[in-house]
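# Test case, fold it:
(2 chains)
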Amino acid sequence: MLKMWKMPVLLLIASLFMVLSTAHAGKLDEIKARGALVAGVKDSQPPFGYVDENSRQIVGFEPDLCAALAKKLGVKLELKPITSSTRIPMLEQGAIDLIAGTLTHQIAREEKIDFSITYFPAVQKLLVKADSGINSVADLAGKKVGSAKGSTSEQNIKNAQPDCTVVSFETYPEAFLAMKQGKVVAVTTDAPILLGIRNSDDNPDDWIIVGEDIAAEPYGIGVPENDSKFRDFVNITLMEMWRSGEYQALYDQWFGEQTKFHIPLNWTMELWP
Amino acid sequence: MHYTFNWSLIFSGNYGQWFLDGLVITLQLSGLSIFFALLLGTLLTIMRLSDFKPLVWFSVGYIEFFRNTPLVVQIFFWYFGSDPILPDFFKQWLYQQNIEFATGVIALSTYTAAFIAEELRSGILSIPKTQLEASRATGLTFLQAMSYVILPQAFRIVIPPLISQFLNLIKNSSLAMTIGVMELTYMARQVEAHTFHGFEAFTVATLMYLSLSLLVSLGITQYNKKCLRVGYQ
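Okay, the predicted model is just below:
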C-alpha cells in the first residue's frame, strides 16, 4: 500500500523522468518511431493548401512538399489543417511536426520556433474590385480593409496605412466574401494567396491585384525550436529537391502556365555548397 | 516544457492598451445588446400572452427558432447571409458604417431575447391571473394592466434568472470576434499573435471576463436586495 504522501512524490519523479527522456529524443527519431510525419497545412488557400472538391482531401503545393519530406524519411504523411492563428501554438505543443502553411519567416517568430530556408518568396499586395479606383496603399485612407487574424499582413497594413480600419477574419476566403459584399474595399495579403483567391472566383476578371510591395513575405517551413538535426534534414531535402529539379516540377504543377494560378518561377533557392 | 512565462510582456508596449480597448468594446457590445434584448424579450412575452392568435404564433415561432439554432450560425447568417436580401442603396450606406459591431449587437440581442422572453413569461404566469382580471375590471386596457400591474412584479421575480442571461450574453459576446469585432477575446488573440505568449494573454482575458461577470452579478443582486427588497425577507 502506498502512503498518501508518497503519491505526489512518485508522480513528480515520473514526470521529471518523462520530461528528461523526451528532451533528448529529437524530432527525427520521434517521427521515425511513430512511422508518420504530421504536417500542419492550410486547407482553404489554393493552390498552397486546400480541400479538393472531388476527392475531399487536402491537396496543394505545400502538402506535396511535405509528401516529399515524408518520402525521404520513409514514413507516411499525415496532414492537419491549421489557420494563421493556430499554427505556431500547435507546433510548440507538438501537435504537428512542422508548419508548411504560407508561414512568413519573421525575426519576431524566431523566439518561439525555428525556420527552414525560404521555399517561396512572396510579397504583400492588395486585391480590389477592378473598377474600385484603388491603386495603392495611400488610396485606402479612411476605408475598411480585410485580412486574416494572426497574419503578418494584418500587422504590415496597419503600419503602412494607419488611417484605415482593418477587419480581420479567420480565413482569407471569408475576407474575400466580405469584399464581394462590399463590407471591405480591399483584401490584403501575399500576392500568390490573392491570386489563388481571385482565380478561384467565378468571375476572376472582376478583381485585380494592385499596389506597391507592402512587405516581403519569404515563406519558410516552421520547425520546433532548438532541434537542429530536424531543421538540417528539412533544409537539405529542400535543396536536394531544387537541384534535382523535383521542386521545379512541383512548382510547375501548381503555379505553371497551364494552371489557374500562374506565377513565373523567377528566383533561386538559397543553395549551400 | 520549454515555455518561459513572461507576465510583464503582456503589459509592455501597447498590449495593455489593447486589452483595455477590447474590454471597452465588450462592454459596449454587451450593454447595448442587453438593452435591446430586454426590450425585444418583453415585447415577445406580451405578444405571447395576448389574445390575438397571429401574435402568439409569431412569438412562439420566434422563440423556438432563435433558441434552437447555434449563436455562431446566427452571427454568420446576419453578417454574410443577409447580403442578398438587402436592397442595394441601403447596403452601400450600411457597409460604410461599423457593420461588424452592429451585426454583433443584432445577433446577440435577437438571440438572448428568446431566452429572456421565456423567463419573463414564467414570471408573469406566477402572478395570479386574478390580478390581471381585476385590473381589466377597473378599466385598464391589456397593455396598461401589463405595464402598471403585472410587469413590475414579474420583473422582480425573474431577476435571478435574468442575471444568468446577462452573464451568458457577456460571455457570448466573444463570438463577435468571428466577424472581426475587436472585443476582448479578439484582442487577447492579437496579443498572443504578436507575443506568442498565449498562456499569459488568455489568462488576462479570463480574469477580465471573470471580474466583469462577478461585478454585474453582484451589482444586480445588491440592487435587488437594497432597493427592491424582494426574495430576501
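# Report the contact partners of residue A:267.
With contacts defined as Cβ atoms under 8 Å, 6 or more residues apart in numbering or on different chains, residue A:267 is in contact with residue A:121. Where you see a C-beta, it was placed from the backbone N, CA and C, and this is true even at glycine.
# Let me know the secondary structure of it.
Under DSSP: H, G, I helix; E, B strand; the rest coil, residue A:267 falls in the coil class.
# Next: the one 4 residues further on.
Reducing the assignment at residue A:271 to three states with three-state DSSP gives coil.
# That one - nearest residue in space that isn't next to it in sequence?
Leaving aside its sequence neighbours, residue A:271 sits nearest to residue A:239 (Cβ to Cβ, 6 or more residues apart in numbering or on different chains; 5.5 Å).
# Pull out the buried positions in stretch B:11-30.
Within stretch B:11-30, the residues scored as buried using 16 or more other Cβ atoms under 10 Å in any protein chain shown are B:15, B:18, B:19, B:21, B:22, B:23, B:25, B:26, B:29, B:30.
# Equivalent analysis for stretch A:55-63, please.
For stretch A:55-63, the neighbour count (16+ other Cβ under 10 Å) marks A:58, A:59, A:60, A:61, A:62, A:63 as buried.
# Chain neighbours aside, what residue packs nearest to residue 42?
Since you didn't name a chain, this refers to chain A. Using Cβ to Cβ, 6+ apart, the closest residue to residue A:42 is residue A:49 (3.8 Å).
# Actually, chain B is the one I wanted.
residue B:120 (6.4 Å).
# Chain A contacts on chain B?
Residues of chain B lying close to chain A (Cβ under 8 Å from any Cβ of the partner chain) are B:1-3, B:80, B:83, B:91-92, B:95, B:99-100, B:178-180, B:186, B:189-190, B:192-194, B:196, B:198.
# from the buried residues of stretch A:55-63, which is closest to residue B:206?
Within these, the smallest distance to residue B:206 is 33.1 Å, found for residue A:58 (Cβ to Cβ).
# farthest pair in the buried residues of stretch A:55-63?
Most distant of those, by Cβ to Cβ, are A:58 and A:61, 11.6 Å apart.
# if I look at residue B:153, how far off is residue B:127?
Distance, residue B:153 to residue B:127, using Cβ to Cβ, to the nearest Å: 5 Å.
# still on that earlier bit, just read off the phi/psi values of the residue nearest to residue A:42.
Backbone geometry at residue A:49, expressed as degrees, to the nearest 10, gives phi -170, psi 120.
# dump the residue contacts of it.
So residue A:49 contacts A:41, A:42, A:43, A:58, A:59, A:60, A:61, A:62, A:63, A:100, A:101, A:102 (Cβ under 8 Å, 6+ apart).
# shouldn't the first one be in contact with residue A:60?
Yes - contact criterion Cβ atoms under 8 Å: residue A:41 and residue A:60 qualify, at 7.1 Å.
# okay, and the common contacts of those two?
A:48, A:49.
# Next secondary structure after the biggest strand by length in chain A?
Looking across chain A with DSSP state E, the single longest strand is strand A:113-129. Next helix or strand after strand A:113-129 toward the C-terminus (DSSP states H and E): strand A:144-148.
# Give me the packing partners of that following strand, helices and strands only.
helix A:152-160, strand A:165-169, helix A:172-180, strand A:186-190 (3 or more Cβ pairs under 8 Å, 6 or more residues apart in numbering or on different chains; DSSP states H and E).
# outside of that strand, which residues touch it?
Here strand A:144-148 has contacts from A:83-84, A:126, A:153-154, A:157, A:161, A:164-172, A:175-176, A:178-179, A:183-189, B:180, using Cβ under 8 Å, 6+ apart.
# For residue B:100, what are phi and psi?
Phi and psi for residue B:100, reported as degrees, to the nearest 10, are phi -60, psi -50.
# ok, it touching residue B:183?
No - contact criterion Cβ under 8 Å: residue B:100 and residue B:183 do not qualify, at 10.1 Å.
# burial measure for the closest residue to residue A:238 other than its chain neighbours, as a count.
Closest residue to residue A:238 apart from its sequence neighbours, by Cβ to Cβ, 6+ apart: residue A:119 at 5.7 Å. Residue A:119 has 23 neighbouring residues, counting by other Cβ atoms under 10 Å in any protein chain shown.
# Which residue, other than its chain neighbours, is closest to residue A:138?
Nearest residue to residue A:138 in three dimensions, chain neighbours excluded: residue A:161, at 7.4 Å (Cβ to Cβ, 6+ apart).
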